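Visitor: structure of the sequence below:
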Amino acid sequence: MSDFLDQIDDEAELGHADPFRYDKPSAVDEARIKPTIPELVAHFSRAMTRWIKKGLPVVSKKEYLRRMDICVECSGGWRCPHCGCVIRAKAALETEICPEGRWEEKIEAKQIDASAIKSKTKELYNMNVFFNAKGKPVNPMGQFSNQSVFLIMNGPSFKKTNKTILDTPGVITFGVNNGPVIYRPNVWMAVDPPYRFMSHIWEDPAIMKFTFTGHAKKKYGRQNKKKVGDCPNLFMIKQNSDFNPQAWLYEPTFNWGDSKKRHGRVCVMLPSIKICYLLGFRKIYLVGCDFFMDEENKYSFEEDRTKAAITSNMRLYTLLTTYLNRLQPYFKAAGLEIYNCNPESKLAVFPYKDIIEAISEVKLDTSVSSFGMYKKKVS
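Guide: Numbers count the residues shown, from 1 in each chain. Below is the predicted model:
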């Protein structure tokens, strides 16, 4: 690699950002690096393993300089603030990716073959995608064809939301994690160990529940010997942690982010969106989706968070924003519209829509009397 980097000495003549201008990290630069020392060591080890296995490939000079332009503009320093890697070395390795997705060419929805996405999505109807607790295929796909759903993400802003409007006829709600403690949704998803979630959520027969197949034999609740697989109205899915925006909507497993081996994180929000899509929903309204947490503003339900946990969540929000930015063109091409109902949300990927307006779009007219409905219809 050193030989390759030595060949870039004349890059300044090409009008590119100078990757050598940062000889030493400043205190400010060091403070911006998010990963811990153990994480940096792990990142380096995995990067070298990938590189060696592929035969030590490096990118072209043109590609290297393009990456450096992007990195210098983003980082303002000699190390990536997201993964902690030395920029001028990482940018040279063909096997490496930007954890923020900035090295990828930007794609517009009009550049994507929408018919191909829809065709491949239809193919899932003939594949084993959803399962019951015994591992047998079940198929709830398309049950909510062209409907809208309110996806509740448990941010502290949901405390202030008038929850009675979500009981409006025509409204379907999708909750995650311990959100049902303060509002009972129609559909629910959890991906973390089952014991973290309240027993009454698992046991509620009126809630359509989704979780990973690996949880079927695990116990749920704190003082419960029952297993997840014993719960009613339960659907199970298989997850993957290899984020690929191109195939994300139609791959037969459910991606929930990137593994730590790829400098990534995972989150319940991603598979929840895909479940909504496969169930047939084509409009998703995000509620309580704040993408912000501090010591005063944690979750909408009761739960404590340490300073380290808050920092971890804020890192997750940064990565999730990147994932969603990369997915948005594919959402648009597939006809999936997503709106954020929190005007103060830090997630700016999706357009804002007032929750009252969103409710009015799905509200059913229940004002007509049933009197006379049993009489024979006269043409």
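Visitor: wait, M236 touches N128, no?
Guide: No - judged on CB atoms under 8 Å, M236 makes no contact with N128 at a distance of 11.0 Å. From N, CA and C alone the C-beta is placed, and that goes for glycine too.
Visitor: neighbour-wise, which of the two wins?
Guide: M236 (21 against 13; other CB atoms under 10 Å).
Visitor: list the contacts of L324.
Guide: L347, V349, F350 (CB atoms under 8 Å, 6 or more residues apart in numbering).
Visitor: can you give me phi and psi for the second one?
Guide: It refers to V349. Per-residue torsions, V349: phi -70, psi -40 (degrees, to the nearest 10).
Visitor: what of the one 3 residues further on?
Guide: Here is the backbone geometry of Y352 (degrees, to the nearest 10): phi -80, psi 140.
Visitor: what bridges to it?
Guide: Here Y352 sits in beta bridges with N340, going by DSSP bridges.
Visitor: what sits against it?
Guide: Y352 neighbours (CB under 8 Å, 6+ apart): Y339, N340, C341, N342, P343, S345.
Visitor: by neighbours, which of these wins?
Guide: The contacts of Y352, ranked by neighbours (other CB under 10 Å): first place C341, 25 neighbours.
Visitor: I figured it hits I355, correct?
Guide: Yes - between C341 and I355 a contact is recorded at 4.2 Å, counting by CB under 8 Å.
Visitor: where does K225 land in three-state SS?
Guide: coil (DSSP: H, G, I helix; E, B strand; the rest coil).
Visitor: is the closest residue to it other than its chain neighbours bridged to anything, and to what?
Guide: Distances taken as CB to CB, 6 or more residues apart in numbering place K219 nearest to K225, at 6.3 Å, with adjacent residues excluded. In this entry, K219 is beta-bridged to K227, by DSSP bridges.
Visitor: is it true that K219 touches C231?
Guide: No - in this structure K219 lies outside contact range of C231 using CB under 8 Å: 11.3 Å.
Visitor: which one's more surrounded, these two?
Guide: C231 (21 against 16).
Visitor: which one is that one nearest to, not counting chain neighbours?
Guide: Distances taken as CB to CB, 6+ apart put W202 closest to C231, at 4.6 Å, once the chain neighbours are dropped.
Visitor: which ones are touching the one you found?
Guide: Counting by CB under 8 Å, 6+ apart, W202 has contacts P194, K209, Y220, G221, V228, C231.
Visitor: what helix or strand is it located in?
Guide: Here W202 sits within helix 199-203, counting by DSSP states H and E.
Visitor: average model confidence for that helix?
Guide: Averaged across helix 199-203, pLDDT comes to 95.
Visitor: could you check that helix and say which residues are buried?
Guide: For helix 199-203, a neighbour-count test (16 or more other CB atoms under 10 Å) marks S199, I201, W202, E203 as buried.
Visitor: need the contacts of W202 in CSV (columns: distance to I97 and pLDDT).
Guide: Below are those laid out as CSV (distance: CB to CB, whole Å; pLDDT from 0 to 100):
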residue, distance to I97, pLDDT
P194, 32, 95
K209, 34, 98
Y220, 36, 93
G221, 39, 77
V228, 34, 96
C231, 38, 96
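Visitor: what's the first helix or strand after the helix holding W202?
Guide: On the C-terminal side of helix 199-203, the closest following helix or strand by DSSP H and E is strand 208-212.
Visitor: can you name the residues in contact with that next one?
Guide: Contact with strand 208-212 is made by 140, 186-191, 194, 201-202, 228, 231, 233-239, 271-272, 275, as judged by CB under 8 Å, 6+ apart.
Visitor: okay, helices next: where are they in the stretch 251-379 of the chain?
Guide: Per DSSP state H, counting those that start in this stretch, the stretch 251-379 of the chain carries helices over the ranges 269-279, 307-333, 355-362.
Visitor: so which of those gets nearest K160?
Guide: K160 lies closest to helix 355-362 among the helices of the stretch 251-379 of the chain, at 11.0 Å (CB to CB).
Visitor: can you show me the strands along the stretch 1-150 of the chain?
Guide: 130-131, 137-138, 148-152 (DSSP state E, counting those that start in this stretch).
Visitor: could you list every helix and strand in contact with the second one?
Guide: Which is strand 137-138. strand 130-131 (3 or more CB pairs under 8 Å, 6 or more residues apart in numbering; DSSP states H and E).
Visitor: let's see that with 10 Å instead.
Guide: With contacts defined as 3 or more CB pairs under 10 Å, 6 or more residues apart in numbering; DSSP states H and E, strand 137-138 has these neighbours: strand 130-131, strand 234-237.
Visitor: mind listing residues that contact that strand?
Guide: For strand 137-138, the external contacting residues (CB atoms under 10 Å, 6 or more residues apart in numbering) are M127, N128, V129, F130, F131, N132, L234, F235, M236.
Visitor: so for N146, what's the nearest residue that isn't a sequence neighbour?
Guide: R282 (5.3 Å).
Visitor: residues contacting that neighbour?
Guide: By CB under 10 Å, 6+ apart, the contact set of R282 is F144, S145, N146, Q147, S148, V149, C276, A334, G335, L336, E337, I338.
Visitor: pLDDT score for A12?
Guide: Note for A12: predicted pLDDT of 41.
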